[in-house]
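**Q** starting from these lines, generate the structure:
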Amino acid sequence: SVSDKLKCLDSEFKSLVHPIDRVKRLLHYAASLPPLDDSSRTLDSRVMGCTAQVWLEAKMETNGSMRFRMDSDSEITKGFCCCLLWLLDGAETDEVLSVTTEDLVELNIGLPSRANSRVNTWHNVLFSMQRRTRALAEEEK
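**A** Predicted coordinates for the structure are as follows:
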């Protein structure tokens with residue numbers, strides 16, 4: 001479940017005491033994020049409000065679960081995206097909508113001097129995922 005995955009991710013990042021180790025973990029995850037085709041990097045798929053460019057694709061499967069694809073021009077942001085994909089890709093709409101920015105802030109990822117920028121990335125990407133999930137759920141009604 002998403003809540004179990006969130007606990008796992010929270011535990012993983014809390015075990016990394018030094019901020020640089022958290023950044024290194026994000027970079028490790030970034031390397032596993034499949035890139036989007038250039039044709040998917042459109043203004044419509046952009047996540048606005050992030051310092052880095054982030055592109056997000058969302059679709060709803062016939063069983064109601066959500067599928068996401070993401071990419072970014074920033075390696076650290078790709079790491080964030082990979083974590084969010086791991087949490088929410090394949091989740092039911094209510095699970096996607098249940099995650100709060102407070103859940104993600106507790107992960108305390110990033111460099112202390114740039115914390116607000118990092119929190120904004122989590123916030124903007126999560127809200128975009130949730131906004132697109134709501135829109136797809138409304139279309140299904």
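**Q** pLDDT value on the residue nearest to the spatial centre of the chain, please?
**A** Among the residues of the chain, the one closest to the centroid is Leu84, at 3.0 Å (C-alpha atoms, centre = their mean). Confidence at Leu84, expressed as pLDDT, is 93.
**Q** on contacts alone, who are the packing partners of the longest helix anywhere in the chain?
**A** Looking across the chain with DSSP state H, the single longest helix is helix 115-140. Helices and strands touching helix 115-140, by 3 or more C-beta pairs under 8 Å, 6 or more residues apart in numbering; DSSP states H and E, are strand 54-60, strand 66-72, helix 75-88, helix 93-98, helix 101-105. Glycine gets a C-beta too; all of them are placed from N, C-alpha and C.
**Q** buried sites along that helix?
**A** The neighbour-count check on helix 115-140 (16 or more other C-beta atoms under 10 Å) flags 118-119, 121-126, 128-130, 132-133, 136-137 as buried.
**Q** can you give the distance of the lowest-mean-pLDDT helix or strand in the chain from its chain's centre?
**A** Sorting the helices and strands of the chain by mean pLDDT, DSSP states H and E puts helix 101-105 at the bottom, at a mean of 77. Counting by C-alpha atoms, centre = their mean, to the nearest Å, helix 101-105 is centred 11 Å from the centre of its parent chain.
**Q** what does that helix contact?
**A** Identification of contacts with helix 101-105 by C-beta atoms under 8 Å, 6 or more residues apart in numbering yields Leu6, Asp10, Val119, Trp122, His123, Leu126, Phe127.
**Q** right, and the fourth one touches Gly79 too?
**A** Same thing as Trp122. No: using C-beta atoms under 8 Å, Trp122 is not in contact with Gly79; the gap is 11.2 Å.
**Q** ok, the contacts of helix 101-105 vs Ala52, which is closest?
**A** Among these, Trp122 lies closest to Ala52 (C-beta to C-beta), at 12.3 Å.
**Q** how close does Gly64 get to Glu140?
**A** Gly64 sits 8 Å away from Glu140, going by C-beta to C-beta, to the nearest Å.
**Q** just Lys14 next, same as before
**A** 37 Å.
**Q** what do you get for Ser74?
**A** For Ser74, the distance to Glu140 - C-beta to C-beta - is 33 Å.
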